[in-house]
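**Q** Just to be clear, the model below is a prediction. Sequence and coordinates:
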There are 2 protein chains.
Amino acid sequence: MVKEFFYPKTIAIIGATADPKKFGNAVTVNLLENEQLESELFPINPKSTEILGLKSYSSILEVEKDVDLAIILVPSKAVPIIVDQCIEKKVKRIIIVSAGFGEINKEGKRIEQEMARKAREKGIRCIGPNCVGIMNVDTGMNASFILTPPKGNVSMVTQSGSFGAACLYEMKDQGLGFSKFANLGNMSDVNLTDLLRFYLEDNNTKVVCIYLENVIDGRKFYDTLCDLAKIKPTIILKGGRTAYGTTAAASHTGSIATNYSSLKAAIKQSGATLCENLNDYVAAIKAFSFLPLPEGNRVGILTNSGGSAVLFSDNADEFGMKLAEFSEEFKAKITPHIIPLVKKVNPLDLIAGANGETYYQVTKTMLEDPNIDIVVTCAVIPTFLEMTLDEHYSGVVRAWNDTGRKKPIIPIFMSGELVIKSKKIAEKELVPLFLSPRQAAFAVKALIERKQKLQK
Amino acid sequence: MVKEFFYPKTIAIIGATADPKKFGNAVTVNLLENEQLESELFPINPKSTEILGLKSYSSILEVEKDVDLAIILVPSKAVPIIVDQCIEKKVKRIIIVSAGFGEINKEGKRIEQEMARKAREKGIRCIGPNCVGIMNVDTGMNASFILTPPKGNVSMVTQSGSFGAACLYEMKDQGLGFSKFANLGNMSDVNLTDLLRFYLEDNNTKVVCIYLENVIDGRKFYDTLCDLAKIKPTIILKGGRTAYGTTAAASHTGSIATNYSSLKAAIKQSGATLCENLNDYVAAIKAFSFLPLPEGNRVGILTNSGGSAVLFSDNADEFGMKLAEFSEEFKAKITPHIIPLVKKVNPLDLIAGANGETYYQVTKTMLEDPNIDIVVTCAVIPTFLEMTLDEHYSGVVRAWNDTGRKKPIIPIFMSGELVIKSKKIAEKELVPLFLSPRQAAFAVKALIERKQKLQK
């Protein structure tokens, strides 16, 4: 049912315009600029005959072909008439981007419900109103007014449009790629549960992430979440956990607050990963997008900086992980690669002089060790001893590749701008890079908890 | 006593070398490359007569002039002899960068204590061993093997050298500048309290930040912290809060664990700001480095993205802030600048179409409002309607400047790489930029708590 939104053969853009000062322009440009897109586009604007090189139509009723998806970008007052025209045209799916409905007042709510009811009677499903739109990154369809992210295995649904955009951009910056994106706005028809059912079945979606403010049908949502989390890692960032937060959420979506403590328990029970801030959210998504699950909870840590490992160890303790005990065999194996000053304890502090080759050898030995389930490689990027800025990260990636990427690897690389070269490698090789001990620790926690849940 | 380390007229670099594969080279280069530095440098190396264009000496005893500061970079075995020579030469201060002492074993501890005792008997004070060195960014003296950060008003002391470097680089990346930096290593002589006493008196140091693992003399540390926090914001990141963390800390510094819960209470009592992760640490330092303290705890929020304001509101609630109630006067003042769809409630969601001018006007009105003590401006950077990537941030900065920078301004600008232009403005204008709602909320919390503490 939701799938049809993401694979339209024909798309009408109602309110398309060449005027860059309008949202209708942003959506049209986003749809047009991807040459890979196979959907046929029909810009609709009564004041034009051509828009950005495409023939345009004064009304959707003039389009000769069948329309699979109509995207509505006209001012709110005109939307009901346009929806009527879409029904008359027998379009299959409608996305109403325009704002000014249920999020404003009761009359707006009534109007949006009326439009949804009319469409639904004819078998037409609606997304919106008051949304930024959707994307199918796989096919290159960006039916929204935000930027297209790189391709990948993550699908997102967000209950705040612009914030969803910010998340996308942040995640792109941290090496993540996407399959689908959706912002459902006021959910006058298609709701969160409907969308999650689609992500559940979508083959390109390996990881699902949700920015959640409120839940309408608790039972259905819970059941869907259980089904989903059973087969795909599902990460939820919850906004509106407190009195101030729920008031703010109600104000921008016009929705009713959900009791957080019971929702929290339900999410935990479902097997999804719950996050309370953006940093944790991105950390968990990175972990699930790039890493296999660990067999157990024994963590091996190597570092060139005492403090980083100390802070990670604090988080490991707080999150209930186990630091692996190094076996005599392991100690013997690493001895040729470390200087005598290094104490053979976990965390293994290789000291500031350790280079990329040392990182490669020690990481590889840890990844091969039967007593270690997860390998955490901390590094402060050295700017001395002729070391290159990326040799430590390269060493870690090489060790992970050489051992068949079987265990999760958690590289924590700090140092501001000095990390840029390593970030490029991370993007290219599809390996995560964590920017702080806390972010990395949350990722490890999420992996371990998912493994434990699946084993039950 | 500690001041002399930071203002030497003459510096001997013992173990200086042109070989870029050695730490002695990194320190020599760091000292040499700043042309502004007025200290005279004496490289010491028995195997050279010239190092990097400077005349070099085979021993410190050959240097004709008095030596204010001797930096020792030779292998640990040779260090005691070199210290004896420094004593014979009557140098004023010694920094032992070399590792391989108390952090390794008891014999190492004995040797470092013996060296410190001998020096101290002659009135010579020592920093180290096992440290990355110190910097006086004001004068351009980088007596360490890490990179020189930009100038500013923050002074740092770190109990983990490399991690301190990572913090410096992260903070630089987030627009912060520095006055002094010190890593004290094993603290065989000069300890944390001594250094903090110096920061207390140092005029260029407006903000003090500490990466703390353990406290040796609890009472003196507490008293110093109280004195310091009374006049300068003091931010502490504590590593080694848990069993795993303290074990890791003991391993890399050879020190004994400090009970965290009592230390936590003491830090809180002193008026310093306690942080448990890097993100909070940098957030608080940014706040204190750039912002005035608020008169009260009433927060006004504006946003172009519902979700960002929801997440900030959650944190505001959790941290005990108050969201300001908008007065009728305030509502009337903003009306000409906002579209009718905007609801005049706090957080004020200006919706995705709001531009830089709207941000300027609304931010200014909030800054001028007597019912608002702190202004939080959330933004997701828009990529549509011909808006420029930095116009919102520019608008906020302009509003802050036009109102005399009297109230704290908390810009939360998310969007991955799209933030870069705003970051450049932040650096130039010395305005903070926060990268997530949680980071910003911690900053606000730190400002409010400091104000409340000072009012008592």
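**A** Thanks, I have the structure now.

**Q** Any idea how many residues pack against the residue in the stretch 301-450 of chain A that chain B sits nearest to?
**A** Nearest to chain B, among the residues of the stretch 301-450 of chain A, is residue A:307, at 2.7 Å (Cβ to the nearest Cβ). Where C-beta positions appear, they are placed from N, C-alpha and C, glycine not excepted. Residues lying near residue A:307 (other Cβ atoms under 10 Å in any protein chain shown) number 35.

**Q** Contacts only, for it.
**A** Going by Cβ atoms under 8 Å, 6 or more residues apart in numbering or on different chains, residue A:307 touches B:158, B:159, B:160, B:162, B:163, B:164, B:166, B:211, B:213, B:239, B:252.

**Q** any idea which of those residues is least confident?
**A** On pLDDT alone, residue B:252 ranks lowest of those, at 68.

**Q** Please report phi then psi for the residue of chain A positioned farthest from its centre.
**A** Distance to the chain centre peaks in chain A at residue A:340, reaching 44.2 Å (criterion: Cα atoms, centre = their mean). The phi and psi values for residue A:340, taken as degrees, to the nearest 10, are phi -60, psi -30.

**Q** I'd guess residue A:377 is in a strand, am I close?
**A** Yes - counting by DSSP: H, G, I helix; E, B strand; the rest coil, residue A:377 is located in a strand.

**Q** Quick check: it touching residue A:394?
**A** No - using Cβ atoms under 8 Å, residue A:377 is not in contact with residue A:394; the gap is 11.6 Å.

**Q** sorry, back to before: any idea how far residue B:99 is from the residue farthest from the centre of chain A?
**A** Using Cβ to Cβ, to the nearest Å, residue A:340 is found at 11 Å from residue B:99.

**Q** cool, residue A:212 as well?
**A** In terms of Cβ to Cβ, residue A:212 sits 49 Å off from residue B:99.

**Q** Kindly report the same for residue A:221.
**A** Counting by Cβ to Cβ, the gap from residue A:221 to residue B:99 is 56 Å.

**Q** The two: which is more packed in?
**A** Set residue A:221 next to residue B:99 and count neighbours by other Cβ under 10 Å: residue B:99 wins out with 25 against 21.

**Q** number of nearby residues for the closest residue to that one other than its chain neighbours?
**A** Counting by Cβ to Cβ, 6 or more residues apart in numbering or on different chains, residue B:130 is the residue found nearest to residue B:99 once chain neighbours are left out, at 4.3 Å. Other residues lying near residue B:130 total 29 when counted by other Cβ under 10 Å.

**Q** okay but residue B:130 is in contact with residue B:111, surely?
**A** No - using Cβ under 8 Å as the test, residue B:130 is too far from residue B:111 to be in contact (11.9 Å).

**Q** Overlap of the contact sets of the two?
**A** residue B:101.

**Q** ok, now which ones touch residue A:354?
**A** A:304, A:338, A:392.

**Q** now check stretch A:132-140, is it near chain B?
**A** Yes - under the criterion of Cβ under 8 Å from any Cβ of the partner chain, stretch A:132-140 makes contact with chain B via residue A:132.

**Q** go on, stretch A:51-58?
**A** No - taking Cβ under 8 Å from any Cβ as the criterion, stretch A:51-58 and chain B are apart, separated by no less than 14.5 Å.

**Q** Does the lengthiest helix in chain A reach chain B?
**A** Ordering each helix of chain A by length in residues (DSSP state H) puts helix A:437-455 first. Yes - with Cβ under 8 Å from any Cβ as the criterion, chain B is reached by helix A:437-455 at A:437, A:438.

**Q** Give me the buried stretch members for that helix, please.
**A** Of all the residues in helix A:437-455, those buried under the rule 16 or more other Cβ atoms under 10 Å in any protein chain shown are A:437-451, A:453.

**Q** what do you get for stretch A:321-334?
**A** In stretch A:321-334, counting by 16+ other Cβ under 10 Å, buried: A:321, A:323, A:324, A:326, A:330, A:333, A:334.

**Q** same for chain B: which of those residues are within range?
**A** Among the buried residues of stretch A:321-334, the residues within reach of chain B (Cβ under 8 Å from any Cβ) are residue A:323.

**Q** what two of the buried residues of stretch A:321-334 are the furthest from one another?
**A** Farthest apart among these by Cβ to Cβ are A:321 and A:333. That separation is 23.0 Å.

**Q** coming back round to it: make JSON lines out of the contacts of residue A:307 and add distance to chain A and secondary structure.
**A** Listed next are the contacts of residue A:307 as JSON lines, based on distance: Cβ to the nearest Cβ, whole Å; DSSP: H, G, I helix; E, B strand; the rest coil:
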{"residue": "B:158", "distance to chain A": "7", "secondary structure": "strand"}
{"residue": "B:159", "distance to chain A": "7", "secondary structure": "coil"}
{"residue": "B:160", "distance to chain A": "3", "secondary structure": "coil"}
{"residue": "B:162", "distance to chain A": "3", "secondary structure": "helix"}
{"residue": "B:163", "distance to chain A": "3", "secondary structure": "helix"}
{"residue": "B:164", "distance to chain A": "7", "secondary structure": "helix"}
{"residue": "B:166", "distance to chain A": "4", "secondary structure": "helix"}
{"residue": "B:211", "distance to chain A": "6", "secondary structure": "strand"}
{"residue": "B:213", "distance to chain A": "6", "secondary structure": "coil"}
{"residue": "B:239", "distance to chain A": "4", "secondary structure": "coil"}
{"residue": "B:252", "distance to chain A": "3", "secondary structure": "helix"}
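
**Q** just to revisit the earlier point, take the contacts of residue A:354 and keep only those in helices.
**A** Of the contacts of residue A:354, the ones assigned to helices by DSSP H are residue A:392.

**Q** any idea which of the contacts of residue A:354 is closest to residue A:273?
**A** Closest to residue A:273 out of those is residue A:392 (28.6 Å), distances taken as Cβ to Cβ.

**Q** wait, the closest one sits on residue A:381?
**A** Yes - Residue A:392 is within contact range of residue A:381, at 7.1 Å (criterion: Cβ under 8 Å).

**Q** Determine the residues that are contacts of both of the two.
**A** Common neighbours of residue A:392 and residue A:381 (Cβ under 8 Å, 6+ apart) are A:413, A:422.

**Q** now stretch A:337-354: mean pLDDT?
**A** Mean pLDDT, taken over the full extent of stretch A:337-354, equals 93.

**Q** What's the end-to-end length of that stretch?
**A** Distance across stretch A:337-354, first residue to last, is 9 Å (Cα to Cα, to the nearest Å).

**Q** Go through that stretch and flag the buried ones.
**A** Neighbour-count burial for stretch A:337-354, counted by 16+ other Cβ under 10 Å, picks out A:337-338, A:341-343, A:345-354.

**Q** so of those residues, which ones are in strands?
**A** Secondary structure from DSSP state E places A:348, A:349 of these in strands.

**Q** Mind picking the two most distant members of the buried residues of stretch A:337-354?
**A** Distance extremes for the buried residues of stretch A:337-354: the farthest pair is A:346 and A:353 at 20.0 Å, using Cβ to Cβ.

**Q** Where does pLDDT dip in the stretch 251-400 of chain A?
**A** Low-confidence regions of the stretch 251-400 of chain A, defined here as pLDDT under 70, cover residues A:252-257.

**Q** which bits of it sit near chain B?
**A** Contact residues, the stretch 251-400 of chain A versus chain B (Cβ under 8 Å from any Cβ): A:251-253, A:276-279, A:304-311, A:313-318, A:323, A:341, A:343, A:345, A:347, A:349, A:351-353, A:380-386.

**Q** are any of these buried, and which?
**A** Those of these that meet the buried threshold are A:251-253, A:276-279, A:304-311, A:313-318, A:323, A:341, A:343, A:345, A:347, A:349, A:351-353, A:380-385, by 16+ other Cβ under 10 Å.

**Q** out of these, which are inside strands?
**A** Residues of those located in strands (DSSP E): A:323, A:349, A:380.

**Q** What are the boundaries of the strands in the stretch 51-200 of chain A?
**A** A:54-55, A:69-72, A:93-96, A:125-127, A:133-136, A:141-144, A:151-158, A:178-183 (DSSP state E, counting those that start in this stretch).
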